Each structure stands twice: as structure tokens, then as C-alpha cells.
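Student: got a predicted structure plus its sequence, pasted below:
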Amino acid sequence: MSHLKLFAATLKWHGTKLLEKHNVARKIFFHGQRYVSSGISEPFLSGSNSNYVEEMYYAWLENPKSVHKSWDLFFRNANAGQAYDPHLPDRLEKKASFLQSHGLAQTPSKAEKLVEDHLAVQSLIRAYQIRGHHVAQLDPLGILDADLDSFVPSDLITTIDKLGFYGLHESDLDKVFQLPTTTFIGGSETSLSLREIIRRLENTYCQHIGLEFMFINDVEQCQWIRQKFETPGVMKFTNEEKRTLLARLVRSMRFEDFLARKWSSEKRFGLEGCEVMIPALKTIIDKSSEMGIEYVIMGMPHRGRLNVLANVIRKELEQIFCQFDPKLEAADEGSGDVKYHLGMYHERINRATNKKITLSLMANPSHLEAVDPVVQGKTKAEQFYRGDTAGKKVMSILLHGDAAFAGQGVVYETFHLSDLPSYTTNGTIHVVVNNQIGFTTDPRMARSSPYPTDVARVVNAPIFHVNADDPEAVMYVCSVAAEWRNTFNKDVVVDLVCYRRRGHNEMDEPMFTQPLMYKQIHKQVPVLKKYADKLIADGTVTLQEFEEEIAKYDRICEEAYTRSKDNKILHIKHWLDSPWPGFFNVDGEPKSMSCPSTGISEDLLNHIGSVASSVPVKDFKIHAGQLESLLPSRPVFLAQPRLFLADRFLSPTICSHRHHVLHDQEVDKRTCVPMNHLWEQQAPYTVCNSSLSEYGVLGFELGFAMASPNALVCWEAQFGDFHNTAQCIIDQFISSGQAKWVRHNGIVLLLPHGMEGMGPEHSSARPERFLQMSNDDSDAYPVMLEKICVLQLIVLTPKSLLRHPEAKSSFDEMVSGTTFQRVIPENGLAAQEPHEVRRVIFCTGKVYYDLVKERKNQDLEKQVAITRLEQISPFPFDLLKKELEKYPEADLVWCQEEHKNSGYYDYVKPRFRTIVNHTRPIWYVGREPAAAAATGNKNTHLVSLRRFLDTAFNLEAFEGKTF
């Protein structure tokens, strides 16, 4: 019974108050200190109640072993000095009255047994709350344990003999026990028989719902969940609610049946086996709308997407059906995407609440879970633009597969954004379609955790497992999940334990790899028939009404199918998930394709520089070292030779120049952002600390930038090559999103890049990868360069240029009327006599300063011209053609500090050749090919630099060579 000695542990901090309020003035000694009670009589210690407590206490004084160990510990710890619970007297009075009613006030041994049994019952209740989910009937097939373990916890009363674990016996089943405050199974009753306690616990925790929540460290939240699920009779539905649920199941299942009949040989990744997901999502949306939500942003994998588009988002059925037509012609530029990757944006009236609701289902690639942080970023942006700081108007729903939820690391990264100040969306509802299989992999081979949802425990998100063949249980769980999110603004997980009626796709034969599972699936009665039979049996609907509902939806599908045949052209823009109203014309083209002046007035430049160089908050103590010397020097830079050292005080947060946010050196968490003090009513300027994640955070920033064309959203890597771990976001969303989904985005990537002797991992942002993903044709000279529209911007910035004395620009290059220079041509001595120039070196980035210095050292400023490409892609054909025509007799050289098989050479070489119509070679100067991005040896780095600089200015280096 040692495991039940909870009495002292839970009540010891009340001991002093209890004994101080004793109605008999006695001298009591604890640890050598004397306490004299006040002599004031307390109601809960009056009469026989107090006699019982006195009797136990005096017995303990004479011999501590004469009382139960729980009383021994209670009295030993009575002076623990903890806060007194004002509700304790009422509870003790009830307990004492309970003892008296059983005739035990004067019989300590029997009272001890009663107390002991009550403690046992409390432990039993807690055991079900913690571990009941392990024996819940969650698998619709009845062949697997959802937690991958057939072990039954020994403290759950699955058989009568297990009562012995608590020191109880079958004869105790009809004894009445007072219920603790940590359970609601009694409803309005305060005590129940042990038999009824166990029955109600099993009904709550061991049937078709499995609850994981006792790891949450907030008592109020745990009590809220207990009340929602334990209170007797909570899961009751009206006949109207049941009829609505049946109608939604009809639409979900008949939609899949219709697709299977019409396109039996097409992949569609149907929802069969989890048709209940459609009414589940609609219930979440209905409840959220009821609680004030106006905009729901959703992300999901391919399975069930067409059904969600049809029956949740309400995309026109003919638009979905025509996607199956192999003769459908694409009207938009780009590649398009398969139908089960497309997204949708729709505003409509929610029928359950009669309120306006906006739904957005994000387009996503086959890379499972990649869309998770993108959805969160877009949700955050929509909350931001609405001033919805508490997430009361905008929320997100993420759907997952069981294997991906457990296996994809971006799930963990996204969860860890959920409560960060700059990234929280105030709670997400996660719905896991738990097919109990991943492609052909059994879950026992796919994860080490008991459940696929265990990752959610790291953020204290409650997890509600539910048998997907019990529609009413699913609806109740989803309603509670929506209420949880909108009450506590925390994440919650709904685990729909279901099955996949077909293979991974409709063309697969799952019997090859899961024969036993699919033998059972072939026998499985569909959930629609099960639920319809139930409602018909209890008289909620008639068979005729059910059949009419089926016929009604079948007719809707057939009519839409007929209309779909009239669609001959596919417009991908009709599937936009994030439209930019006012930015595009009716044809989907940007209203303006021209590049406006990027310059601003000199007064404005001075104002920005002045504010950025100040501390615009009173009594704010900045760092006494570098900042106190750096900030006052900024206005000096502005005043002298009209030079604007942009990199120094408008740089991103790199190394020691993290000065966008100033921190008070004497007041914790007090900060100042000077750039937010430029003007009244200015747009906010936000600099965010993030979790140490690239995949998740870049996906989030991409989603944020998706919401508006008028926001400048920048993501900066500590080093450029750190984008490696975010490559999926770059490949699948940033570079190809517009081509696949006509999705526009203005994200800016700031990637430190440069061969500075920092080693293989801190040198290259791998520009060759970005260039390979661009879609301009190297062999075709573009006709209308002025209409090239660039939305995403990849900026490669060498860190060493932050302090380079020549890395500066004059105000003349930045004032009104100026524009960004795609190419910066030679403007020195070589440009004055271009026919005497023997070599033109084209380059980009930091190597320019090495070349200029070396040219001066070798006194070749008249013979060698150096031209910089500030924009590599789209390639500046027009400007470079002018440069090439200016130096008709010169060698053409591309010089880069990167290795030959990386960097820019493979991209620029064919484009230079196109400009000159293949009449002149473009020679390579740089480092030799290498597998690693850079050397880790400082000497090797300097030797290779010296070698290619010598080649660059050896004017005979390419004589006699063929190209």
C-alpha cells in the first residue's frame, strides 16, 4: 500500500492551520516550537467530528505507529508552513460527517480503512485520467492497438482481480465513496459506489475516445478537459444535429463514390476509410464561427483534398471534375500542378451560424508537412493586418497523416513556433488522419513513440484520440477542440484513428504488403451505412429520407459533371489560395510592370539616418562600449563627403551589428527600435528573434509575405549555406510557386556569402542552386526586358563588406530619380579610352574589391576594365550588350572567387555567348572545381586567391587557347 500514501503529501500544508483552529486549548510542540491554539471553536471540528481528529492525534502522540502511516505523515508535516486552503474546512467537515454517518467516528481502525480506501479510489480515478487511453477502443478494424502496445496498465480495472492493486476487493464494489474535486464523473452527485465510479470512468476514458492531457501543467486547463468529457450526459446530440451529421457523411462518401465510378483508373488520393473527416472539419469551423472566428486558413496533404475542396471550401464541383479531363488546355503560363495539390480561397456564409466566414486551403507540394509553417505564417499575417493580436478572428487548421506527423521534423519545428512572441498564431487545431499506415510501412516500423501524435506533448497540447467509425464521438471531440483553441488560445490535436480503404493511391494493391489489414478492411462496413442504420433503428430518420439524401447529392454531382464537359480551358488562377486584390488586373497580370524610381529625397535620407543614429526613448541606457561610440558616429558619416554607409546602420542583424533593436543595459526586456520612430502613423518595423530553425522559420516568413504585396518581409540566415536545411521551402514554394499555383510572393532572402577563409560551411550560399531554378532561357535574347517582373529577391551579402572602407555609396546614387543599378559599368580610366582596353573582367560580389586593388597594384587601370553585375537573374542582357559593344577588342573574362563548379560561371557563360552570337569567348578565372564549397585552411585560401588574381591580370593568359 506504499503507493497510496498520498494523504500526507496532499494535506500536510494544512496541518498547522488545522491544529491552530482546534477548539481545545492545548500546548502543541513541533520541532521545538510551542503553539497555543486560540480556543475559537470551528464548525468543522465541532462535536464528534473533532473527537475523531483528536482521537487520532492523541493516539499518534502516544505512539506514532498506532495510527495509519498517512496520519503519521500528516501530523509530522503539519507545520510545513504552506498557504492555508480556505476551502479545506468545508471539505474536512464533509469527510468527518461521512465518517460519522458510517459510525466510524469512535473506531480509529475502521476509519483508517475507510480513509485508505478513499485514497485508493482517488488513485484509481487518476489512473484512468492518465492511462485510460491505452485501453480505449480506438481502432475501427479491431486489429491494432493505437499506441502500438497490447500491454494493459496494471492500475486500470479491466478485470475484478485488479482491484487488489489498490487493496480493494469485489466486496467493496457497492460501497459508496466520496468523489474528489479532480473529477466530474459524479455530475450533481458528490459520492458514488465503486462499481459506478469504475463504470463511468470506463465510459469516459476507455471507449471510442482516448484522452491525453494529464501532462499539462496548468490545473485549470486539466479541470476544463475533465469537465468536458467526464460530466455525465455531455455527449448528447439533438435529432437535428444527428440528421445534419448524416447529411454531411452522405456528401463525403458519395463524392468519393462518384469519382470512383467516373474515373476509376485515375489517381485522386481519396478519403475512403476516413469519410468522417469532412463533418469533423465542418464541426470545427461551425464551432469556431460561433465563437467569433471570421477567417480559417487550412493546410493539408493530398489525401482527401478534393473532398475538402468540394464539401468544406465549396469549390464548384464542375471545376473539380474538369480537372480529370486529359484534353483540358492550360490558359495560364507555368507548369500548373496535379489536382490534389491545388488550393482555394472562398468567402461564404456559414450555414450553422449565419455568419460570414472566409476559408483558405493552401496549395502545397507532395512534400508532406512542408505547408505547416507556411500556413502559420499566413495566419499570423492575416491576424496582423486585422489587429487580431489575440487570435479571436483568424485561426489555422492543419491536417496531417499519421506517418508524416511522426516522421517529418518540420512538424516539431512548427510546434516550437506556437508560443513564441513573434510567431504565435494563438493556437492551431491539428487533425491527424491516422490511417495506421504510411505508404506501405507499418506504424511499428515507422515510429518509436506510442502514438503518431506524441510530438504535440512538447507544447502541452491536449491530444484527443477518437475512433473514426463513431461519428458522434468525432463530432463531440472536434467541438471540444474548437472550444479549447478559442478559450485558451493553445494548440490541440484530434487524432482520427481510421483506415485507408484503398492503397496509397487508387492504382496500388495494398494486399502485397498488408494482407491481414486489408482482409479486414474488405470486410469493414462503411461508416455511413453503420451510422444510417443506427439512426434508422432509433427513429431519427427513415430509410426513405436517407435514400432521398443520397439521391439528392448524386443528382448534384451528375449535373456538375455535365457542366464540366463545357470547360475546355483550365485557369489555374481560379485556384488561388492567397489573392492580392488591387494588385492584378482582370487577366491576372500585375497592373504595373515598370520599375519605379527607388531613390528618395536627400532630406528623407538625412532624416532616416538621423533617427537610426539616435536613441529616441528617454532614460534609455545603451551599451557603454561599441554602441556609445558607434551611434554618435553615424551622423558624422552622413555629414562627411555626402557618404551614406548603408551597410553600417541599415544592415541586417549580422554579428556585432545587431543594432536594429537596442537593449536597455539596466532594465530587463526593455528595448528600443529606432526605425519605429521615423514618423507618426508609420508602418510598423519589426525585427524578430526566432527559434533556431531554418525550414520552419523560412516557411513561416514565406506564408507571412503571401498575405500582402505591400509588405517587405526578409528572412536572414546567420550564414548563407544555412538555407540548406530550408531547401524544400526554396525548391517547392519560392522558386516554383508561381509556375505551379500562380501564387505570388515578395519574400526576400538575405544570405551572407563570400570566400573569406571561414571554411566549407561558412562561405557559400550556393548561388548556383538559385540560378539553376530560374526560368530564363540562356539561348534566347529576350525581346521585352522591361516587362520582366521579379517578386522573390535573393540577396548575397559578404560579411566583410560591413567594414570595408570602399563599400559605400554617395547620396547622388540614392536620391530622387535614381534606380537600382542592375549593372555597374567601369567608370575609371579604362572607360575613357575603351578601344585601348585589352581585357574586360565581369564579376559580382566581394571579389570586385580584390580585383580593383590588384589592378591598381599592377598599374593596369587603363588596360583592364571591371564591370559588376548587381543582378544576376533575370540576366541583364540589354545592359551587358552595351558593355560588350563598348570594348570590341578586349578579352572577355568572368572572374569569381567561388570554385568553377559552383558560383555563377555555368549560368553566365551561355548567356554572354548568346549576347555576342557565339563570336567571342568568355574566359573563366577563379578557383578550380571542388566538392567542398571552400577550404578550411587559411593558407590554402590565400594561395588560391593569389593564383586566380594573377591569372585575371595576366593579359597573355589565354593567348593560343581555344574556347
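Tutor: It's in. Residues are numbered from 1 along each chain as shown.

Student: could you use CA atoms for every contact and neighbour count after this?
Tutor: OK.

Student: roughly how far does the nearest residue to residue 782 once chain neighbours are set aside sit from residue 432?
Tutor: The spatial neighbour of residue 782 that comes closest, neighbours along the chain excluded (Cα to Cα, 6 or more residues apart in numbering), is residue 877 at 7.7 Å. In this view, residue 877 and residue 432 are 50 Å apart by Cα to Cα, to the nearest Å.

Student: more neighbours: which of these two?
Tutor: For residue 877 versus residue 432, neighbours defined as other Cα atoms under 10 Å are more numerous around residue 432 (25 against 18).

Student: how about the contacts made by that one?
Tutor: If you count contacts by Cα atoms under 8 Å, 6 or more residues apart in numbering, residue 432 has them with 399, 400, 401, 402, 405, 453, 493, 494, 495, 496.

Student: quick check: mean pLDDT of the helix or strand where the last one lies?
Tutor: With elements delineated by DSSP states H and E, residue 496 resides in strand 492-497, which encompasses its position. Per-residue confidence for strand 492-497 averages out to 97 on the pLDDT scale.

Student: list the helices and strands it packs on?
Tutor: The contact analysis (3 or more Cα pairs under 8 Å, 6 or more residues apart in numbering; DSSP states H and E) places strand 492-497 against strand 428-434, strand 463-467, helix 471-488.

Student: again, only using 7 Å
Tutor: strand 428-434, strand 463-467 (3 or more Cα pairs under 7 Å, 6 or more residues apart in numbering; DSSP states H and E).

Student: closest one to residue 485 among these?
Tutor: Nearest of those to residue 485, taken as Cα to Cα: strand 428-434 at 6.9 Å.

Student: paired strands for that closest one, with orientation please.
Tutor: Applying DSSP bridges, strand 428-434 is found paired with strand 394-401 (parallel), strand 492-497 (parallel).

Student: give me the angle between the first one and helix 471-488.
Tutor: If you take axes from the mean of the first three to the mean of the last three Cα atoms, to 10 degrees, strand 394-401 sits at 140 degrees to helix 471-488.

Student: so where's the stretch 651-800 of the chain shaky on pLDDT?
Tutor: 651-658, 784-791 (pLDDT under 70).

Student: likewise for the chain?
Tutor: 1-62, 69-71, 73-74, 76-108, 331-334, 586-590, 592-595, 625-658, 784-791.

Student: nearest residue to the middle of it?
Tutor: What sits nearest the mean C-alpha location of the chain, by Cα atoms, centre = their mean, is residue 414, with 3.0 Å.

Student: hmm, who's touching whichever strand or helix holds it?
Tutor: Using DSSP H and E, residue 414 sits in helix 409-415. Helix 409-415 is contacted from outside by 369, 370, 372, 373, 405, 455, 459, 693, 695, 696, using Cα atoms under 7 Å, 6 or more residues apart in numbering.

Student: go through those residues and flag which are in helices.
Tutor: For the contacts of helix 409-415, the ones inside helices are 372, 373, 405, 695, 696, with DSSP state H as the criterion.

Student: check these and tell me the two furthest apart.
Tutor: 405 and 695 (15.5 Å).

Student: more neighbours, those two?
Tutor: residue 405 (26 against 23).

Student: these two touch, right, that one and residue 452?
Tutor: Yes - here residue 405 lies in contact with residue 452, judged by Cα atoms under 7 Å, at a distance of 6.2 Å.

Student: to residue 680, which of the helices and strands packed on strand 492-497 lies closest?
Tutor: Nearest to residue 680, of all those, is strand 428-434, at 34.4 Å by Cα to Cα.

Student: could you pull out the strands in the stretch 101-250 of the chain for me?
Tutor: In the stretch 101-250 of the chain, the strands defined using DSSP state E, counting those that start in this stretch lie at 176-178, 191-193, 209-212.

Student: looking at the ones you listed, which is buried most?
Tutor: strand 209-212 (a mean of 25; mean count of other Cα atoms under 10 Å).

Student: so which residues make contact with that one?
Tutor: 130, 132-133, 136, 138, 205, 462-467, 473.

Student: which of these ranks first by neighbour count?
Tutor: residue 466 (32 neighbours).

Student: can you give me the distance of the closest residue in space to it that isn't next to it in sequence to residue 402?
Tutor: Counting by Cα to Cα, 6+ apart, residue 209 is the residue found nearest to residue 466 once chain neighbours are left out, at 4.5 Å. Between residue 209 and residue 402 the computed distance is 17 Å (Cα to Cα).

Student: now the helices and strands packed on strand 492-497 in CSV, with distance to residue 753?
Tutor: Listed next are the helices and strands packed on strand 492-497 as CSV, based on distance: least, Cα to Cα, whole Å:
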stretch, distance to residue 753
strand 428-434, 36
strand 463-467, 44
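
Student: buried residues, stretch 228-247. List them.
Tutor: 228, 229, 230, 231, 232, 242, 243, 245, 246, 247 (16 or more other Cα atoms under 10 Å).

Student: how about these in TSV, adding distance to residue 159?
Tutor: As requested, those are exported to TSV (distance: Cα to Cα, whole Å):
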residue	distance to residue 159
228	27
229	24
230	22
231	24
232	23
242	35
243	38
245	36
246	37
247	40
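
Student: among those, which are located in helices?
Tutor: Applying DSSP H to those, the entries found in helices are 228, 229, 230, 242, 243, 245, 246, 247.

Student: show me the helices in the stretch 551-700 of the chain, by range?
Tutor: Secondary structure of the stretch 551-700 of the chain (DSSP state H, counting those that start in this stretch): helices at 602-612, 626-639, 646-649, 695-706.

Student: which residues touch the first one?
Tutor: This means helix 602-612. By Cα under 7 Å, 6+ apart, helix 602-612 touches 635, 674, 675, 678, 815.

Student: could you dump it to PDB, C-alpha only?
Tutor: Provided in PDB are the C-alpha atoms of helix 602-612 (Å, rounded to 0.1, in the frame of the first residue of the first chain):
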ATOM      1  CA  GLU A 602      18.100  63.900 -49.700                       C
ATOM      2  CA  ASP A 603      16.100  65.300 -46.800                       C
ATOM      3  CA  LEU A 604      14.400  62.000 -46.300                       C
ATOM      4  CA  LEU A 605      17.800  60.200 -46.300                       C
ATOM      5  CA  ASN A 606      19.100  62.500 -43.700                       C
ATOM      6  CA  HIS A 607      16.000  62.100 -41.600                       C
ATOM      7  CA  ILE A 608      16.200  58.300 -41.700                       C
ATOM      8  CA  GLY A 609      19.900  58.400 -40.900                       C
ATOM      9  CA  SER A 610      19.400  60.800 -38.100                       C
ATOM     10  CA  VAL A 611      16.700  58.800 -36.400                       C
ATOM     11  CA  ALA A 612      18.500  55.500 -36.900                       C
END
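
Student: in that helix, what's buried?
Tutor: For helix 602-612, by 16+ other Cα under 10 Å, it's 605, 606, 608, 609, 610, 611, 612.

Student: chain center to it: distance?
Tutor: 38 Å (Cα atoms, centre = their mean, to the nearest Å).
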